[in-house]
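# starting from these lines, generate the structure:
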Amino acid sequence: MPDTCSIWLPDAKFTHLAGISLASTLYRTDITIGFTGELGSGKTTFLQGFFEGLGVKDMVTSPTYALEQRYHSTHGEVLHIDLYRLDEGKSDAFLHGSDDHEGIRCIEWIERSTVKPDILILLEEKDTGRMLTVDFDDIPLPQESEILAWRKEVALPERICRHCDAVANFSQELGNTLLDRGVIIRLKTLKAAALAHDLLRFVDFVPGAGHGADDPVEPAEWQEWKTKYKGQRHEPSCADFLCNHGYPELAAIVKVHGLQLPSPDRSTIEQKLLFYTDKRVKLDEVVTLEERFADFRARYTSGEKTKEGEIWFAEAKVIEQELFPT
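Below is the predicted model of the structure:
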């Protein structure tokens, strides 16, 4: 199931910033990114931002005459190709020489070839700005119906389903806010991660915390999963479940959504937003971070503040300020 997003870019600054943000939604480095748009539509400006986001230090210019340039980045070697001067037959022959490139391959004027990119960037010049459309086809995503079937398979409690649904809805709301600010984000991917993020929440239920761990009779389906993931937190358990079902990139988002020490690396925008929205939803109600962490204290530490809790709260506030600066 492909993902897509569209963003209105009123000027070159927004175009550059959108390019930077693309670097924060990559889950593979062995990908081909295609760029299409008429001359003057902003491809070079976008690419300069994207390469900046990838940590490229060199000046980035379009390789119209050289055809190909290579850059060192934090994501490995980036290959920048411009097909403007080549027709389809020559373009395909030229691109074939880099088929085995292990890093990111960026191709301008990709429509002059038959290559199907993993990510397609379309920039359309309008009277007062540019319309950016990003089509992601680089990672597999489950249909919502598949996630709902998983919930039945593991007998996920209704209150946890409500929480996941609320986090998914809130994540879409905040994701659209970021899109309006020119930030590229995968809304379908984020929603799928949110719907599945607590799929195996019951494997580490804590008695007295309001999860249902005190229920006299547990669903029979739980025993299989509790045995398989004995002594393991629900985040890596759910990530393993997703990997086993063919969704490793979705697993990478879900695996780091919880409160863990040491704090895991959350480098993508979807990882950060899932972590943040989960910390803003108390069961199925959107609350402030202060209210949510007060709820954590009431449920887990008899209302007492702990060193770990203060670290996690500060971590959530940092992400809040990063995503939604005041």
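
# flag every buried residue along the least confident helix or strand in the chain by mean pLDDT.
None of the helices or strands of the chain scores lower by mean pLDDT, DSSP states H and E than helix 88-96, at a mean of 87. Judged by neighbour count (16 or more other C-beta atoms under 10 Å), helix 88-96 contains these buried residues: 91, 94-95. To be clear about C-beta, it is placed using only N, CA and C from the backbone, and glycine gets the same treatment.

# for this protein, what's the longest helix?
helix 158-180 (DSSP state H).

# for residue 123, give me phi and psi.
phi -120, psi 120 (degrees, to the nearest 10).

# residue 152: what secondary structure?
helix (DSSP: H, G, I helix; E, B strand; the rest coil).

# any weak-confidence spans in this protein?
Along the chain, segments meeting pLDDT under 70 span 1, 64-65, 207-216.

# domain ranges for this protein?
3-136, 144-323 (automatic domain parsing).

# distance between the last one and the chain's centre?
Pointing back at domain 144-323 there. Between the centre of domain 144-323 and the centre of its host chain there is 14 Å, according to C-alpha atoms, centre = their mean, to the nearest Å.

# now do the strands in the chain.
3-9, 32-36, 68-73, 76-82, 104-108, 119-126, 129-136, 281-282, 285-286 (DSSP state E).

# from those, which stretch is densest packed?
strand 104-108 (a mean of 25; mean count of other C-beta atoms under 10 Å).

# rewinding a little: distance to residue 151 for the strands of the chain - can I get that in JSON lines?
Output for the strands of the chain, formatted as JSON lines (distance: least, C-beta to C-beta, whole Å):
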{"stretch": "strand 3-9", "distance to residue 151": "22"}
{"stretch": "strand 32-36", "distance to residue 151": "34"}
{"stretch": "strand 68-73", "distance to residue 151": "40"}
{"stretch": "strand 76-82", "distance to residue 151": "38"}
{"stretch": "strand 104-108", "distance to residue 151": "36"}
{"stretch": "strand 119-126", "distance to residue 151": "30"}
{"stretch": "strand 129-136", "distance to residue 151": "25"}
{"stretch": "strand 281-282", "distance to residue 151": "17"}
{"stretch": "strand 285-286", "distance to residue 151": "20"}
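
# which of these sits closest to residue 157?
Residue 157 sits nearest to strand 281-282 of all the strands of the chain, at 15.7 Å, using C-beta to C-beta.

# what's in contact with that closest one?
Contacts of strand 281-282 from elsewhere in the structure, counted by C-beta atoms under 8 Å, 6 or more residues apart in numbering, are 163, 166-167, 170, 287, 291-292, 295.

# how about those residues in TSV, adding neighbour count and distance to residue 23?
Shown next, in TSV, are these (neighbours: other C-beta atoms under 10 Å; distance: C-beta to C-beta, whole Å):
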residue	neighbour count	distance to residue 23
163	21	31
166	20	30
167	27	25
170	20	25
287	15	32
291	12	34
292	18	30
295	15	35
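
# now those in JSON lines, with distance to residue 148?
Conversion of the contacts of strand 281-282 to JSON lines gives the following (distance: C-beta to C-beta, whole Å):
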{"residue": "163", "distance to residue 148": "15"}
{"residue": "166", "distance to residue 148": "15"}
{"residue": "167", "distance to residue 148": "15"}
{"residue": "170", "distance to residue 148": "19"}
{"residue": "287", "distance to residue 148": "26"}
{"residue": "291", "distance to residue 148": "29"}
{"residue": "292", "distance to residue 148": "26"}
{"residue": "295", "distance to residue 148": "27"}
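
# residue 199: which of the residues you listed is nearest?
Among the contacts of strand 281-282, and counting by C-beta to C-beta, the member closest to residue 199 is residue 163, at 11.4 Å.

# quick one, what contacts that closest one?
198, 281, 283-284.

# again, only using 10 Å
157, 194, 197-198, 201, 278, 281-285 (C-beta atoms under 10 Å, 6 or more residues apart in numbering).

# could I get those as JSON lines with distance to residue 326?
JSON lines is the format used below for those (distance: C-beta to C-beta, whole Å):
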{"residue": "157", "distance to residue 326": "36"}
{"residue": "194", "distance to residue 326": "24"}
{"residue": "197", "distance to residue 326": "27"}
{"residue": "198", "distance to residue 326": "29"}
{"residue": "201", "distance to residue 326": "32"}
{"residue": "278", "distance to residue 326": "21"}
{"residue": "281", "distance to residue 326": "21"}
{"residue": "282", "distance to residue 326": "22"}
{"residue": "283", "distance to residue 326": "27"}
{"residue": "284", "distance to residue 326": "26"}
{"residue": "285", "distance to residue 326": "23"}
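
# before we move on, back to that, quick one: which of the strands of the chain is nearest residue 21?
Of all the strands of the chain, strand 3-9 sits nearest to residue 21, with 9.2 Å by C-beta to C-beta.

# sheet partners, orientation included, of that closest one?
According to DSSP bridges, strand 3-9 has the following sheet partners: strand 129-136 (antiparallel).

# and the nearest residue to residue 84 once chain neighbours are set aside, how many neighbours?
Leaving aside its chain neighbours, residue 84 sits nearest to residue 109 (4.9 Å; criterion: C-beta to C-beta, 6 or more residues apart in numbering). Using other C-beta atoms under 10 Å, residue 109 has 21 other residues around it.
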